[in-house]
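Q: Sequence plus predicted model, see below.
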Amino acid sequence: MSIEHELFPEDLLATFRDRAPGHDRDNTFPEQDLADLRAAGYLGLLAPADLGGRGASLLEAGRVQRRLAQAAPATALAMNMHLVVTGAALHAHRLGVQAARTILAEAAQGTLFAFGISEAGNEAMLFDSSTVAEDDGAGGHRLSGTKIFTSLAPVWDRLVVHGRVDRGEEEPELVFGTLERSEQVEVKNDWDTHGMRGTQSRTTRLHGAHLPAERVITRTPIGPNRDPFPMGIFGVFELLLASVYIGIAERAVTVGCEIARTRRSVTRGLVHADDPDIRRRLAEAAIGIDGSVLQIEAVLADLDALGTGETGPGLTDHGARWFLQFSGVKHRSTEAAIAAVDQVLRASGGAHFFRRSELERLSRDVRAGLYHPSDAESVQASYARALLGEIGEDRG
């Protein structure tokens, strides 16, 4: 049995699906879903077996997330952030980063990690920070700044953050590490959104929050680099996001097909499953989804191979193009997911404009993909740089 079916048998998926409308309506975190995930060993999904985890690959994690998203999109997106941290740690661990081992071991024991990197106006994301990291005199730092979209806000045990360290006349650097909850970590209750309401991705303010030396994961220069941990964050973030949104689209097509088989046109006297226009819309949605699944899985397999040193037919080391591949797949997949859900809505009739419809909720949840890095403008700018160089550079 595949790991995604082992973790999420049909009865458990049905339970998650039944809970999802209530969390959307009430704007609450799915605590019961988290309890079920803990019991299933999900938190240790990416931790190696010798550390007590399930030893899954990144490719398998993508499949797990697609399946979970088909039942409870907000739960899948929230838990994605735990998998981003543990997936990045797995990638770094494979490449010999000793500090990453602690994250994996703790995840296998049930520690829930969250992701506190996003900052308002910081388009460089992982490669710079507006959060100030001051030396504590003992190899650690005290961090002050504001992180946005910190999913799992009510429940996380450890929060991965980064901050900018000013070295005076020397070049500044970034420090990455994990924080515990404390009085210096303020979690705002400000999550009230159009979709993905159950993620509770609240704003987090750091008021001199202490990052001790033993919790530092890595230090990097400012700007794009191939340090294993931030590269792992970037890749796993983009590819598992893509998996979640494509999972939503897969569920929408399933629902749309169920509707088409039973909905009738009184005027024309036919079932909508026999209507050429309905068939075309649902087929178009499925075509876009299938293409995205192939892209997501190919790059996840490539990233697994980069960490393990595996080579063989169908595996590619993308070299200087890794970050383009990550962001390109995320962009294409989220756009394909939105387009697919819209096609299903057009095929399914006005009854699904009502809040009681699962399709109505899916249509709101899928649009959150527009706001995750890398957005369309960032992806296009990156590809333009790769094709044409920097704006204004000497062409001679």
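A: Arrived safely, thanks for sending.
Q: residue ranges of the strands in this protein, please?
A: Using DSSP state E, the strands of the chain run over 113-116, 132-135, 141-150, 158-165, 173-180, 185-187, 202-211, 216-221, 264-265, 270-271.
Q: Compare the ones you listed and say which comes out lowest on pLDDT.
A: For those, mean pLDDT drops lowest on strand 264-265, to a mean of 79.
Q: what's next to that one, contact-wise?
A: Contact with strand 264-265 is made by Leu270, Val271, His272, Asp275, as judged by CB atoms under 8 Å, 6 or more residues apart in numbering. To be clear about C-beta, it is placed using only N, CA and C from the backbone, and glycine gets the same treatment.
Q: Roughly how far does Arg263 sit from Val271?
A: 7 Å (CB to CB, to the nearest Å).
Q: Over to Val299?
A: 39 Å.
Q: on that earlier part again, mind putting the strands of the chain into a markdown table with distance to Tyr383 and mean neighbour count?
A: As requested, the strands of the chain are exported to a markdown table (distance: least, CB to CB, whole Å; neighbours: other CB atoms under 10 Å):
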| stretch | distance to Tyr383 | mean neighbour count |
| --- | --- | --- |
| strand 113-116 | 25 | 26 |
| strand 132-135 | 32 | 18 |
| strand 141-150 | 24 | 22 |
| strand 158-165 | 25 | 24 |
| strand 173-180 | 25 | 22 |
| strand 185-187 | 36 | 18 |
| strand 202-211 | 31 | 20 |
| strand 216-221 | 24 | 18 |
| strand 264-265 | 44 | 12 |
| strand 270-271 | 44 | 13 |
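Q: Do I have it right that Thr254 meets Gln70?
A: Yes: using CB atoms under 8 Å, Thr254 makes contact with Gln70 at a distance of 7.5 Å.
Q: between these two, which one's more packed in?
A: Gln70 (24 against 12; other CB atoms under 10 Å).
Q: looking at it, that one is touching Ile248, isn't it?
A: Yes: between Gln70 and Ile248 there is a contact under CB under 8 Å: 7.4 Å.
Q: the helices in this structure, which residues?
A: With helices called from DSSP state H, the chain shows them at 3-7, 10-26, 31-39, 58-69, 73-94, 99-108, 228-262, 276-308, 322-348, 358-365, 376-388.
Q: what's the burial count for Leu104?
A: So Leu104, with other CB under 10 Å, has 23 neighbours.
Q: Distance-wise, check Glu216 relative to Asp157.
A: Actually, residue 216 is Val rather than Glu. Val216 is 18 Å from Asp157, by CB to CB.
Q: re the thing from before, I'd like the strands of the chain as a markdown table, with distance to Arg361 appended.
A: A markdown table is the format used below for those (distance: least, CB to CB, whole Å):
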| stretch | distance to Arg361 |
| --- | --- |
| strand 113-116 | 24 |
| strand 132-135 | 40 |
| strand 141-150 | 20 |
| strand 158-165 | 28 |
| strand 173-180 | 33 |
| strand 185-187 | 25 |
| strand 202-211 | 21 |
| strand 216-221 | 36 |
| strand 264-265 | 25 |
| strand 270-271 | 25 |
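Q: Asp365: which of the ones you listed is closest?
A: Asp365 lies closest, by CB to CB, to one member of the strands of the chain: strand 141-150, at 14.9 Å.
Q: which other helices and strands contact the closest one?
A: Packing contacts for strand 141-150, counted by 3 or more CB pairs under 8 Å, 6 or more residues apart in numbering; DSSP states H and E, involve strand 113-116, strand 132-135, strand 158-165, strand 173-180, strand 202-211.
Q: now the angle between strand 202-211 and it, please.
A: 160 degrees (axes from the mean of the first three to the mean of the last three CA atoms, to 10 degrees).
Q: The nearest residue to Gly291 once chain neighbours are set aside: neighbour count?
A: Nearest residue to Gly291, sequence neighbours excluded (CB to CB, 6 or more residues apart in numbering): Ala336, at 6.9 Å. Ala336 has 24 neighbouring residues, counting by other CB under 10 Å.
Q: Need the contacts of strand 264-265 in JSON lines (columns: distance to Ala384).
A: Shown next, in JSON lines, are the contacts of strand 264-265 (distance: CB to CB, whole Å):
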{"residue": "Leu270", "distance to Ala384": "48"}
{"residue": "Val271", "distance to Ala384": "48"}
{"residue": "His272", "distance to Ala384": "43"}
{"residue": "Asp275", "distance to Ala384": "42"}
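Q: Out of those residues, the closest to His91 would be?
A: His272 (45.7 Å).
Q: Now for the closest one: which residues touch it?
A: Ile259, Ala260, Arg261, Arg263, Arg264, Ser265, Ile278, Ala347.
Q: Sort those by pLDDT and name the bottom one.
A: Ser265 (75).
Q: Could you give the bridge partners of that one?
A: For Ser265, the beta-bridge partners under DSSP bridges are Leu270.
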